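Colleague: Predicted structure and sequence below. I'll ask about it afterward.
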Amino acid sequence: MKRAAALRQLGDTQQKLLRKLLLSPQGVTVEALCQAVGVTHNAVRQHLTALLAQGFVARGEAIPSGGRPRACFVLMPAGRELFPRNYALMAGGMLEYLYAHGGVAAVQAMLADMGAKLGNDAAERIASAADPDEAARLLAEQMDALGYEAQAVEADGHVEVEAWNCVFHALARKHPDVCRFDLAFMSAATGRPVQRTQCMLHGAPACRFRVGLPGKAVTPIEAAVVNSQAREGRSNLT
């Protein structure tokens, strides 16, 4: 289940409790949570019990109060992961800065090099594939683990990697060059040329990639070049 969907399913009161805890890393007492959310002491405790059971919240160090210490609750990493993070906004700003100060070619080279280096870390397992179809299946597993919601699918007698959740989609709409990172990653991970055959940026329901036969050594820039003839789903692979 996606983080945003999981957060919405918790209900309004529990969402408010989690947001209060998110803003208070040192922990919050039940009394303070009652004031923040506007519900009774018993209601807050019932919601906290449910959140504790799911691993989103934990008991923190009790806060001295001059009498009996007051119970304190803190947000756990699982609870923090429920909240979406606007990485695309920050990454977009950094890319625009790099474009302005380094130029388009430098940014393209950087993205390709970063993708290739990450792909090299995944290459040991995938590079042992006997053929492009097996490489595509292994690559799909790797990309799915990285959050792409990827799977191996049959297409025109070949196996392609189909990715439904491009992790850079929002960023790529404004800066298509980020696709060079994906292609460089896939090429380095498989040790083979990779061609994009469908793209969500051009109206396809998912991105698709076909793994080719091993050939001459491919530089990160060459591996990341997006084939313009594939943008509408065409493929020139043999």
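Modeller: Sure thing, it's come through.

Colleague: Does residue 114 touch residue 181 like I think?
Modeller: Yes. Counting by Cβ atoms under 8 Å, residue 114 touches residue 181, with 5.9 Å between them. For every residue, glycine as well, the C-beta is placed using N, CA and C.

Colleague: Which one of these two is surrounded by more residues?
Modeller: residue 181 (25 against 15; other Cβ atoms under 10 Å).

Colleague: OK, contacts around that one?
Modeller: Listed by Cβ atoms under 8 Å, 6 or more residues apart in numbering, the contact set of residue 181 reads 111, 112, 114, 115, 168, 224.

Colleague: repeat for residue 59
Modeller: By Cβ under 8 Å, 6+ apart, the residues touching residue 59 are 52, 71, 72, 73, 74.

Colleague: what's the most distant pair in those residues?
Modeller: The most widely separated members of the contacts of residue 59, counting by Cβ to Cβ, are 52 and 72 (12.9 Å).

Colleague: pLDDT on stretch 213-233, on average?
Modeller: When pLDDT is averaged over stretch 213-233, the result is 43.

Colleague: Does anything pack onto the helix ranked longest in the chain? Which helices or strands?
Modeller: When the chain is parsed with DSSP state H, its longest helix is helix 104-126. Where contact means 3 or more Cβ pairs under 8 Å, 6 or more residues apart in numbering; DSSP states H and E, helix 104-126 is packed against helix 87-102, helix 132-145, helix 179-190, helix 220-224.

Colleague: Show residues contacting the helix or strand that contains residue 36.
Modeller: Using DSSP states H and E, residue 36 maps to helix 30-37. By Cβ under 8 Å, 6+ apart, the residues outside helix 30-37 that reach it are 13, 16-17, 20, 28, 40-41, 44-45, 48, 70-71, 73.

Colleague: For residue 204, which three-state class applies?
Modeller: At residue 204 the chain is in coil, as set by DSSP: H, G, I helix; E, B strand; the rest coil.

Colleague: measure residue 46 to residue 7 for me?
Modeller: In this view, residue 46 and residue 7 are 19 Å apart by Cβ to Cβ, to the nearest Å.

Colleague: Same drill for those two, tell me which one is more crowded.
Modeller: The neighbour comparison of residue 46 against residue 7 (other Cβ under 10 Å) goes to residue 7, with 20 against 13.
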